[in-house]
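Student: Got a sequence here, can you model it:
(one chain, ligands or ions: 1)
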Amino acid sequence: MRYINKKLTIEKISLQKIAKKYGTPFYSYSYSKLKDNINNFKKNFKSFSPLICFAVKSNTNVNIIREIKKFGLGADVVSIGELMMALKAGINPNKIVFSGVGKTSNEISFAIDKNILLINAESLSEIKEINKVAKSKNKKIRVGVRLNPNTDAKTLSQISTGKKENKFGVNKNTFNEIIKYSKNSKNIDLKCLSVHIGSQILDHKPYEKMLEAVSQILNKVRYKFEFIDLGGGMGISYSDKNKKLNYKKYNSAILKFLKRHKVKIIFEPGRSIIGDTGTLVSKVIYIKDSGRKKFIILDAAMNDLMRPALYGAIHRTLPVTKSNIRSKKPYEFVGPICESTDKFITLKKFQVLKEKDLVAICDVGAYGMSLSSNYNLRTKPIELLIKESKVKVIRKRQKHKDLI
Ligand code: LLP
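Tutor: Reported below is the predicted structural model:
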(Lines give C-alpha, C1' and ligand atoms only; values in the text may rest on other atoms or scores of the structure.)
Protein backbone atom coordinates (compact mmCIF):
# COMPACT_ATOMS: atom_id res chain seq x y z
CA MET A 1 0.00 0.00 0.00
CA ARG A 2 1.20 3.48 -0.77
CA TYR A 3 -0.04 6.98 -1.39
CA ILE A 4 -0.47 7.95 -5.02
CA ASN A 5 -1.57 11.57 -5.42
CA LYS A 6 -2.35 11.62 -1.67
CA LYS A 7 -4.73 8.67 -2.04
CA LEU A 8 -3.92 5.47 -0.21
CA THR A 9 -3.71 2.81 -2.89
CA ILE A 10 -3.64 -0.96 -2.69
CA GLU A 11 -2.02 -2.48 -5.76
CA LYS A 12 -3.49 -0.25 -8.49
CA ILE A 13 -6.75 0.89 -6.94
CA SER A 14 -7.46 3.56 -4.35
CA LEU A 15 -9.18 2.56 -1.15
CA GLN A 16 -11.53 5.49 -1.56
CA LYS A 17 -12.76 4.13 -4.86
CA ILE A 18 -13.34 0.70 -3.31
CA ALA A 19 -15.23 2.25 -0.39
CA LYS A 20 -17.48 4.15 -2.78
CA LYS A 21 -18.49 0.96 -4.55
CA TYR A 22 -18.64 -1.55 -1.67
CA GLY A 23 -19.34 0.60 1.40
CA THR A 24 -17.57 0.42 4.76
CA PRO A 25 -16.25 -1.22 6.81
CA PHE A 26 -14.49 -3.64 4.48
CA TYR A 27 -11.53 -5.98 4.59
CA SER A 28 -9.30 -5.94 1.53
CA TYR A 29 -6.40 -8.28 0.78
CA SER A 30 -3.57 -7.68 -1.67
CA TYR A 31 -2.95 -10.65 -3.93
CA SER A 32 0.57 -9.56 -4.92
CA LYS A 33 1.57 -9.23 -1.26
CA LEU A 34 0.21 -12.72 -0.59
CA LYS A 35 2.19 -14.09 -3.52
CA ASP A 36 5.38 -12.36 -2.30
CA ASN A 37 4.91 -13.64 1.24
CA ILE A 38 4.52 -17.24 0.09
CA ASN A 39 7.46 -17.06 -2.30
CA ASN A 40 9.67 -15.44 0.35
CA PHE A 41 8.67 -18.04 2.92
CA LYS A 42 9.60 -20.82 0.49
CA LYS A 43 12.86 -19.09 -0.42
CA ASN A 44 13.87 -18.70 3.23
CA PHE A 45 13.76 -22.45 3.76
CA LYS A 46 14.43 -23.75 0.25
CA SER A 47 17.46 -25.81 1.23
CA PHE A 48 15.28 -28.44 2.89
CA SER A 49 11.90 -27.98 1.08
CA PRO A 50 9.54 -28.18 4.04
CA LEU A 51 5.86 -28.99 3.79
CA ILE A 52 4.17 -25.64 4.45
CA CYS A 53 0.73 -26.00 6.00
CA PHE A 54 -1.12 -22.68 6.17
CA ALA A 55 -2.68 -22.13 9.62
CA VAL A 56 -6.31 -21.77 8.59
CA LYS A 57 -7.26 -20.21 11.92
CA SER A 58 -5.50 -17.03 10.87
CA ASN A 59 -7.80 -16.57 7.89
CA THR A 60 -10.68 -18.89 7.14
CA ASN A 61 -11.89 -17.32 3.89
CA VAL A 62 -12.33 -20.14 1.38
CA ASN A 63 -11.17 -17.96 -1.53
CA ILE A 64 -8.00 -16.94 0.29
CA ILE A 65 -7.26 -20.60 1.10
CA ARG A 66 -7.90 -21.45 -2.57
CA GLU A 67 -5.30 -18.90 -3.67
CA ILE A 68 -2.82 -20.22 -1.10
CA LYS A 69 -3.44 -23.77 -2.29
CA LYS A 70 -2.42 -22.79 -5.82
CA PHE A 71 1.11 -22.25 -4.50
CA GLY A 72 1.19 -25.85 -3.32
CA LEU A 73 0.65 -25.21 0.38
CA GLY A 74 -1.21 -27.55 2.69
CA ALA A 75 -3.26 -26.64 5.76
CA ASP A 76 -3.00 -26.75 9.52
CA VAL A 77 -6.50 -27.02 10.99
CA VAL A 78 -7.78 -27.05 14.56
CA SER A 79 -11.44 -28.01 14.25
CA ILE A 80 -13.75 -30.04 12.02
CA GLY A 81 -14.99 -26.73 10.60
CA GLU A 82 -11.51 -25.67 9.54
CA LEU A 83 -10.88 -29.14 8.14
CA MET A 84 -14.07 -28.93 6.07
CA MET A 85 -13.06 -25.46 4.87
CA ALA A 86 -9.57 -26.61 3.84
CA LEU A 87 -11.08 -29.52 1.91
CA LYS A 88 -13.65 -27.22 0.32
CA ALA A 89 -10.77 -25.00 -0.85
CA GLY A 90 -9.30 -28.06 -2.55
CA ILE A 91 -6.31 -28.65 -0.27
CA ASN A 92 -4.93 -32.14 -0.73
CA PRO A 93 -5.76 -34.21 2.42
CA ASN A 94 -2.23 -35.53 2.23
CA LYS A 95 -1.06 -32.01 3.11
CA ILE A 96 -3.39 -31.43 6.06
CA VAL A 97 -2.36 -31.62 9.71
CA PHE A 98 -4.90 -31.42 12.52
CA SER A 99 -3.75 -29.75 15.77
CA GLY A 100 -5.60 -28.79 18.95
CA VAL A 101 -5.97 -29.90 22.57
CA GLY A 102 -9.62 -30.95 22.49
CA LYS A 103 -10.49 -32.91 19.37
CA THR A 104 -13.73 -34.82 19.90
CA SER A 105 -14.19 -38.41 18.71
CA ASN A 106 -16.50 -37.04 16.02
CA GLU A 107 -13.70 -34.78 14.75
CA ILE A 108 -11.16 -37.61 14.93
CA SER A 109 -13.50 -39.91 13.03
CA PHE A 110 -14.03 -37.31 10.27
CA ALA A 111 -10.27 -36.71 9.97
CA ILE A 112 -9.63 -40.46 9.68
CA ASP A 113 -12.29 -40.82 6.98
CA LYS A 114 -10.67 -38.00 5.00
CA ASN A 115 -7.27 -39.69 5.29
CA ILE A 116 -5.37 -36.52 6.24
CA LEU A 117 -1.60 -36.53 6.65
CA LEU A 118 -1.43 -36.28 10.44
CA ILE A 119 -3.54 -35.92 13.52
CA ASN A 120 -1.27 -34.12 15.98
CA ALA A 121 -2.37 -35.29 19.42
CA GLU A 122 -1.79 -33.26 22.57
CA SER A 123 -2.44 -35.78 25.38
CA LEU A 124 -2.30 -39.47 26.19
CA SER A 125 -6.10 -39.48 26.47
CA GLU A 126 -6.36 -38.16 22.93
CA ILE A 127 -3.97 -40.84 21.61
CA LYS A 128 -6.18 -43.45 23.30
CA GLU A 129 -9.28 -41.91 21.71
CA ILE A 130 -7.63 -41.93 18.26
CA ASN A 131 -6.68 -45.55 18.86
CA LYS A 132 -10.27 -46.42 19.77
CA VAL A 133 -11.79 -44.71 16.73
CA ALA A 134 -9.11 -46.15 14.39
CA LYS A 135 -9.68 -49.63 15.78
CA SER A 136 -13.42 -49.38 15.20
CA LYS A 137 -12.64 -48.57 11.56
CA ASN A 138 -9.95 -51.22 11.37
CA LYS A 139 -7.36 -48.68 10.27
CA LYS A 140 -3.82 -47.66 11.16
CA ILE A 141 -3.62 -43.88 11.51
CA ARG A 142 -0.68 -41.52 11.08
CA VAL A 143 -0.38 -39.39 14.18
CA GLY A 144 1.92 -36.79 15.63
CA VAL A 145 2.49 -35.89 19.23
CA ARG A 146 2.89 -32.30 20.30
CA LEU A 147 5.70 -31.75 22.73
CA ASN A 148 5.61 -28.86 25.17
CA PRO A 149 9.30 -27.92 25.08
CA ASN A 150 8.96 -25.46 27.99
CA THR A 151 10.50 -22.71 25.86
CA ASP A 152 9.70 -19.03 26.33
CA ALA A 153 8.74 -17.57 22.93
CA LYS A 154 9.37 -14.01 24.21
CA THR A 155 6.08 -12.81 22.82
CA LEU A 156 2.82 -11.55 24.37
CA SER A 157 1.81 -13.87 27.22
CA GLN A 158 -1.66 -14.32 25.70
CA ILE A 159 -0.21 -15.84 22.54
CA SER A 160 2.60 -17.85 24.07
CA THR A 161 2.04 -21.61 23.95
CA GLY A 162 5.31 -23.44 24.60
CA LYS A 163 5.82 -23.05 28.33
CA LYS A 164 4.90 -25.69 30.85
CA GLU A 165 2.13 -23.55 32.34
CA ASN A 166 0.40 -23.45 28.93
CA LYS A 167 -2.23 -26.08 28.12
CA PHE A 168 -0.55 -27.14 24.87
CA GLY A 169 1.42 -30.28 24.15
CA VAL A 170 2.73 -32.93 26.54
CA ASN A 171 5.72 -32.99 28.86
CA LYS A 172 8.69 -35.33 28.46
CA ASN A 173 7.23 -38.05 30.67
CA THR A 174 3.94 -38.21 28.82
CA PHE A 175 5.87 -38.05 25.55
CA ASN A 176 7.74 -41.22 26.52
CA GLU A 177 4.51 -42.88 27.61
CA ILE A 178 2.90 -42.05 24.26
CA ILE A 179 5.81 -43.60 22.35
CA LYS A 180 5.50 -46.75 24.40
CA TYR A 181 1.73 -46.85 23.92
CA SER A 182 2.04 -46.34 20.15
CA LYS A 183 4.64 -49.08 19.77
CA ASN A 184 2.13 -51.49 21.28
CA SER A 185 -0.79 -50.30 19.20
CA LYS A 186 -1.84 -51.80 15.87
CA ASN A 187 -3.86 -48.72 15.03
CA ILE A 188 -1.44 -45.86 15.77
CA ASP A 189 1.39 -45.09 13.40
CA LEU A 190 3.44 -42.48 15.31
CA LYS A 191 5.14 -40.44 12.61
CA CYS A 192 5.59 -36.90 13.85
CA LEU A 193 6.83 -34.84 16.74
CA SER A 194 5.27 -31.38 16.68
CA VAL A 195 5.98 -28.16 18.56
CA HIS A 196 4.57 -24.65 18.40
CA ILE A 197 5.84 -22.25 21.04
CA GLY A 198 3.75 -19.19 20.27
CA SER A 199 2.83 -16.51 17.81
CA GLN A 200 4.25 -13.15 16.66
CA ILE A 201 7.82 -14.26 17.43
CA LEU A 202 10.42 -11.73 16.30
CA ASP A 203 13.51 -13.19 17.95
CA HIS A 204 15.14 -16.30 16.45
CA LYS A 205 16.63 -17.38 19.80
CA PRO A 206 13.47 -19.00 21.21
CA TYR A 207 13.37 -21.07 18.02
CA GLU A 208 16.98 -22.14 18.57
CA LYS A 209 16.11 -23.16 22.13
CA MET A 210 13.07 -25.05 20.92
CA LEU A 211 15.17 -26.98 18.38
CA GLU A 212 17.71 -27.78 21.06
CA ALA A 213 14.96 -29.11 23.34
CA VAL A 214 13.55 -31.24 20.52
CA SER A 215 17.01 -32.51 19.60
CA GLN A 216 17.73 -33.54 23.17
CA ILE A 217 14.51 -35.45 23.52
CA LEU A 218 15.03 -37.19 20.16
CA ASN A 219 18.47 -38.34 21.28
CA LYS A 220 16.98 -39.74 24.47
CA VAL A 221 13.97 -41.56 23.08
CA ARG A 222 15.70 -43.18 20.10
CA TYR A 223 12.49 -43.33 18.12
CA LYS A 224 12.56 -42.65 14.40
CA PHE A 225 10.10 -39.92 13.47
CA GLU A 226 9.45 -39.25 9.81
CA PHE A 227 8.32 -35.64 10.39
CA ILE A 228 9.16 -32.83 12.76
CA ASP A 229 6.44 -30.20 12.69
CA LEU A 230 7.88 -26.91 13.92
CA GLY A 231 4.55 -25.05 13.97
CA GLY A 232 4.32 -21.41 12.93
CA GLY A 233 4.69 -18.24 14.94
CA MET A 234 6.89 -16.16 12.65
CA GLY A 235 6.17 -12.54 13.52
CA ILE A 236 5.56 -9.56 11.25
CA SER A 237 6.22 -5.82 11.65
CA TYR A 238 3.10 -4.20 13.06
CA SER A 239 4.98 -0.99 13.72
CA ASP A 240 8.19 0.57 12.49
CA LYS A 241 9.66 -0.12 15.93
CA ASN A 242 9.26 -3.91 15.57
CA LYS A 243 12.46 -5.71 14.74
CA LYS A 244 12.32 -8.34 12.01
CA LEU A 245 12.63 -12.07 12.57
CA ASN A 246 16.02 -13.22 11.29
CA TYR A 247 14.99 -16.03 8.95
CA LYS A 248 18.61 -16.73 8.01
CA LYS A 249 19.45 -17.61 11.60
CA TYR A 250 16.30 -19.70 12.04
CA ASN A 251 17.13 -21.52 8.80
CA SER A 252 20.72 -22.18 9.93
CA ALA A 253 19.50 -23.57 13.25
CA ILE A 254 17.19 -25.96 11.39
CA LEU A 255 19.99 -27.03 9.02
CA LYS A 256 22.16 -27.79 12.05
CA PHE A 257 19.29 -29.81 13.52
CA LEU A 258 18.80 -31.71 10.25
CA LYS A 259 22.44 -32.81 10.26
CA ARG A 260 21.72 -34.69 13.47
CA HIS A 261 18.22 -35.87 12.64
CA LYS A 262 17.12 -37.06 9.21
CA VAL A 263 13.51 -35.93 9.12
CA LYS A 264 11.10 -34.00 6.93
CA ILE A 265 10.17 -30.57 8.29
CA ILE A 266 6.62 -29.25 8.42
CA PHE A 267 5.73 -25.60 9.13
CA GLU A 268 2.36 -24.16 10.10
CA PRO A 269 2.62 -20.42 9.37
CA GLY A 270 -0.46 -18.19 9.49
CA ARG A 271 0.38 -14.57 10.23
CA SER A 272 3.58 -14.46 8.16
CA ILE A 273 1.63 -15.56 5.07
CA ILE A 274 -1.53 -13.47 5.34
CA GLY A 275 -1.03 -10.83 8.10
CA ASP A 276 0.30 -7.86 6.17
CA THR A 277 -1.86 -8.49 3.09
CA GLY A 278 -5.04 -7.27 4.81
CA THR A 279 -6.45 -3.81 5.52
CA LEU A 280 -9.66 -2.83 7.30
CA VAL A 281 -11.16 0.36 5.94
CA SER A 282 -13.64 2.26 8.03
CA LYS A 283 -15.55 5.53 7.88
CA VAL A 284 -15.66 8.18 10.60
CA ILE A 285 -19.26 8.39 11.81
CA TYR A 286 -18.86 11.14 14.42
CA ILE A 287 -16.10 13.14 16.05
CA LYS A 288 -16.55 13.94 19.72
CA ASP A 289 -14.39 16.42 21.59
CA SER A 290 -13.92 15.35 25.21
CA GLY A 291 -11.63 18.18 26.26
CA ARG A 292 -8.21 16.58 26.34
CA LYS A 293 -8.71 14.32 23.34
CA LYS A 294 -11.08 13.73 20.48
CA PHE A 295 -12.93 10.48 19.95
CA ILE A 296 -12.98 9.40 16.35
CA ILE A 297 -16.02 7.14 16.25
CA LEU A 298 -15.62 4.68 13.40
CA ASP A 299 -18.10 2.37 11.71
CA ALA A 300 -15.72 -0.56 12.41
CA ALA A 301 -15.59 -1.94 15.93
CA MET A 302 -14.04 -4.60 18.13
CA ASN A 303 -16.39 -7.18 16.65
CA ASP A 304 -14.72 -6.58 13.26
CA LEU A 305 -11.18 -6.53 14.64
CA MET A 306 -10.66 -7.96 18.12
CA ARG A 307 -6.86 -7.83 18.39
CA PRO A 308 -6.54 -4.38 20.05
CA ALA A 309 -9.25 -5.15 22.64
CA LEU A 310 -8.05 -8.70 23.27
CA TYR A 311 -4.28 -8.29 23.35
CA GLY A 312 -3.67 -4.54 23.38
CA ALA A 313 -2.36 -5.08 19.86
CA ILE A 314 -1.23 -2.06 17.86
CA HIS A 315 -2.20 -1.68 14.22
CA ARG A 316 -0.86 1.12 12.04
CA THR A 317 -3.79 3.43 11.28
CA LEU A 318 -3.64 5.73 8.28
CA PRO A 319 -5.81 8.36 6.62
CA VAL A 320 -7.15 7.17 3.27
CA THR A 321 -6.69 10.67 1.81
CA LYS A 322 -3.59 12.46 2.99
CA SER A 323 -3.33 16.10 4.04
CA ASN A 324 -0.68 18.10 5.88
CA ILE A 325 -2.81 19.63 8.60
CA ARG A 326 -2.15 18.02 12.00
CA SER A 327 -4.62 17.79 14.85
CA LYS A 328 -3.66 19.62 18.05
CA LYS A 329 -5.45 17.10 20.24
CA PRO A 330 -4.78 13.34 20.36
CA TYR A 331 -7.27 11.21 18.48
CA GLU A 332 -8.69 8.09 20.08
CA PHE A 333 -10.08 5.77 17.40
CA VAL A 334 -13.06 3.86 18.78
CA GLY A 335 -15.97 1.78 17.50
CA PRO A 336 -19.70 2.05 18.24
CA ILE A 337 -19.83 -1.00 20.56
CA CYS A 338 -20.95 -0.56 24.16
CA GLU A 339 -17.65 -1.53 25.75
CA SER A 340 -14.81 0.72 26.86
CA THR A 341 -12.34 -1.72 25.31
CA ASP A 342 -13.87 -1.03 21.89
CA LYS A 343 -10.92 1.10 21.00
CA PHE A 344 -8.31 0.66 18.26
CA ILE A 345 -5.54 3.14 18.97
CA THR A 346 -4.75 6.61 20.32
CA LEU A 347 -2.55 8.78 18.11
CA LYS A 348 -1.05 12.20 18.67
CA LYS A 349 -0.70 14.67 15.81
CA PHE A 350 -2.78 12.63 13.38
CA GLN A 351 -3.91 14.63 10.41
CA VAL A 352 -7.15 16.53 10.97
CA LEU A 353 -10.12 14.30 10.19
CA LYS A 354 -13.71 15.21 9.40
CA GLU A 355 -16.85 13.13 9.78
CA LYS A 356 -17.27 10.75 6.77
CA ASP A 357 -13.50 10.60 6.17
CA LEU A 358 -11.98 7.14 5.75
CA VAL A 359 -9.20 5.49 7.72
CA ALA A 360 -7.25 2.31 7.01
CA ILE A 361 -6.26 -0.08 9.79
CA CYS A 362 -3.28 -2.04 8.52
CA ASP A 363 -1.91 -5.59 8.78
CA VAL A 364 -5.20 -7.22 9.70
CA GLY A 365 -5.08 -10.17 7.30
CA ALA A 366 -4.36 -12.63 10.11
CA TYR A 367 -6.69 -13.02 13.08
CA GLY A 368 -8.75 -10.09 11.83
CA MET A 369 -11.86 -11.44 10.13
CA SER A 370 -11.26 -14.90 11.59
CA LEU A 371 -11.69 -13.52 15.13
CA SER A 372 -14.68 -11.34 14.23
CA SER A 373 -18.06 -11.79 15.86
CA ASN A 374 -21.63 -10.55 15.75
CA TYR A 375 -21.41 -8.82 19.12
CA ASN A 376 -24.03 -6.08 19.53
CA LEU A 377 -25.73 -7.93 16.67
CA ARG A 378 -23.47 -6.22 14.17
CA THR A 379 -23.11 -7.78 10.75
CA LYS A 380 -19.69 -8.94 9.59
CA PRO A 381 -17.91 -6.85 6.94
CA ILE A 382 -17.43 -7.66 3.27
CA GLU A 383 -14.06 -9.15 2.20
CA LEU A 384 -12.37 -8.20 -1.07
CA LEU A 385 -9.37 -9.59 -2.89
CA ILE A 386 -7.41 -7.03 -4.89
CA LYS A 387 -5.36 -8.03 -7.93
CA GLU A 388 -3.86 -4.95 -9.59
CA SER A 389 -6.93 -2.84 -10.38
CA LYS A 390 -9.40 -5.73 -10.11
CA VAL A 391 -11.59 -6.19 -7.04
CA LYS A 392 -13.20 -9.54 -6.31
CA VAL A 393 -15.80 -10.03 -3.60
CA ILE A 394 -14.57 -13.04 -1.67
CA ARG A 395 -17.20 -12.91 1.03
CA LYS A 396 -20.39 -10.88 0.94
CA ARG A 397 -21.27 -8.42 3.65
CA GLN A 398 -23.50 -10.18 6.15
CA LYS A 399 -27.08 -8.96 6.21
CA HIS A 400 -29.29 -8.51 9.24
CA LYS A 401 -31.68 -11.02 7.76
CA ASP A 402 -28.87 -13.63 8.11
CA LEU A 403 -28.91 -12.94 11.83
CA ILE A 404 -32.46 -12.16 12.77
N1 LLP B 1 0.22 -23.89 14.66
C2 LLP B 1 -0.42 -23.94 15.84
C3 LLP B 1 -0.52 -25.22 16.55
C4 LLP B 1 -0.98 -22.77 16.38
O5 LLP B 1 -1.59 -22.81 17.55
C6 LLP B 1 -0.87 -21.55 15.67
C7 LLP B 1 -1.44 -20.31 16.19
C8 LLP B 1 -0.21 -21.55 14.43
C9 LLP B 1 0.33 -22.74 13.96
C10 LLP B 1 -0.05 -20.33 13.58
O11 LLP B 1 0.69 -19.34 14.19
P12 LLP B 1 1.14 -18.01 13.39
O13 LLP B 1 2.13 -18.41 12.33
O14 LLP B 1 -0.07 -17.39 12.79
O15 LLP B 1 1.73 -17.16 14.45
N16 LLP B 1 -5.13 -14.60 17.79
C17 LLP B 1 -3.75 -14.30 18.07
C18 LLP B 1 -2.83 -15.39 17.57
C19 LLP B 1 -3.17 -16.74 18.11
C20 LLP B 1 -2.33 -17.84 17.49
C21 LLP B 1 -2.86 -19.17 17.82
N22 LLP B 1 -2.13 -20.25 17.27
C23 LLP B 1 -3.40 -12.95 17.48
O24 LLP B 1 -4.28 -12.29 16.94
O25 LLP B 1 -2.25 -12.51 17.59
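
Student: for the residue lying farthest from the centre of the chain, phi and psi?
Tutor: Relative to the centre of the chain, and counting by Cα atoms, centre = their mean, the farthest-placed residue is Gly291 at 38.9 Å. Here is the backbone geometry of Gly291 (degrees, to the nearest 10): phi 100, psi -80.

Student: For the stretch 201-350 of the chain, which segments count as strands?
Tutor: Using DSSP state E, counting those that start in this stretch, the strands of the stretch 201-350 of the chain run over residues 227-229, 264-267, 278-289, 294-298, 317-319, 331-334, 343-347.

Student: my read: Asp229 touches Val214, true?
Tutor: No - using Cβ atoms under 8 Å, Asp229 is not in contact with Val214, being 10.2 Å away. For every residue, glycine as well, the C-beta is placed using N, CA and C.

Student: Between those two, which is the more surrounded one?
Tutor: Between Asp229 and Val214, Asp229 has the larger neighbour count (other Cβ atoms under 10 Å), namely 30 against 22.

Student: Give me the distance between that one and Phe41.
Tutor: For Asp229, the distance to Phe41 equals 16 Å [Cβ to Cβ, to the nearest Å].

Student: swap in Arg292?
Tutor: Using Cβ to Cβ, Arg292 is found at 44 Å from Phe41.

Student: near the ligand, which residues of the stretch 51-200 of the chain?
Tutor: Selection of the stretch 51-200 of the chain residues close to the ligand by Cβ under 6 Å from any ligand atom yields Ala55, Ser58, Asp76, Ser99, Ile159, Thr161, His196, Ser199, Gln200.

Student: any idea which of those has the most stuff around it?
Tutor: Using other Cβ under 10 Å as the neighbour test, those are led by Asp76, with 32 neighbours.

Student: Got phi/psi on that one?
Tutor: When read as degrees, to the nearest 10, the backbone of Asp76 gives phi -110, psi 120.

Student: Go through the residues of the stretch 51-200 of the chain next to the ligand and name the one with the lowest pLDDT.
Tutor: Within those, pLDDT reaches its minimum at Ile159, with 77.

Student: residues in contact with that one?
Tutor: By Cβ atoms under 8 Å, 6 or more residues apart in numbering, the contact set of Ile159 is Gly198, Ser199, Gln200, Tyr311.

Student: out of the residues you listed, which one sits closest to Lys348?
Tutor: Among the contacts of Ile159, Tyr311 lies closest to Lys348 (Cβ to Cβ), at 22.1 Å.

Student: correct me, but that closest one touches Gln158?
Tutor: Yes - assessed by Cβ under 8 Å, Tyr311 is found in contact with Gln158 at 5.3 Å.

Student: from the middle of its chain, how far away would the longest helix seen in the chain be?
Tutor: The longest helix of the chain (DSSP state H) is helix 204-221. Mean-position distance between helix 204-221 and its chain equals 24 Å (Cα atoms, centre = their mean, to the nearest Å).
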